[in-house]
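**Student:** quick one: sequence and predicted model below, then my questions.
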Amino acid sequence: MNHHNPATPPAPSDEPWQTKEVLEHAKQDLQSRLTDVKEAATHTVHEMRATASTTAAVARDGYQALRHDATTHFSSYREELAFHIREQPLKSVGLAALAGVVVGLLVRK
């Protein structure tokens, strides 16, 4: 039975120049792969920035539209309220007084 001791190095079968050539080839291959990884990372960063920029623009547009809608609804509500108060001032004062009494009772409890 032939036992191989891992502590003993294998017998050199290649010439030294072949080993150097293999190492040089491995080094070049590693550098090439590292360059590919760097280019992929740079490309990914550019894509992420473009996506973030697009998302921010969409969010800004959505916020502006929401703000405009809220302003429009508030203005419309305010105008309607003013119209109803002008049409029926005694009823409006009575409702406001009643609301004040209700809030006062709720706070007192």
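**Tutor:** Looks like it arrived, so ask away. Model, not experiment: these values are computed from the prediction.
**Student:** okay, now the unreliable bits of the protein?
**Tutor:** 1-14 (pLDDT under 70).
**Student:** in which helix or strand does the residue nearest the centre of it reside?
**Tutor:** Centroid-nearest residue in the chain: residue 52, 7.2 Å away (criterion: CA atoms, centre = their mean). Assigned by DSSP states H and E, residue 52 belongs to helix 16-87.
**Student:** what comes into contact with whichever helix or strand comes after that helix?
**Tutor:** Next in sequence after helix 16-87, counting helices and strands by DSSP H and E, comes helix 89-108. The contact list for helix 89-108 (CB atoms under 8 Å, 6 or more residues apart in numbering) reads 84, 85. From N, CA and C alone the C-beta is placed, and that goes for glycine too.
**Student:** could you rerun that using 6 Å?
**Tutor:** Identification of contacts with helix 89-108 by CB atoms under 6 Å, 6 or more residues apart in numbering yields residue 85.
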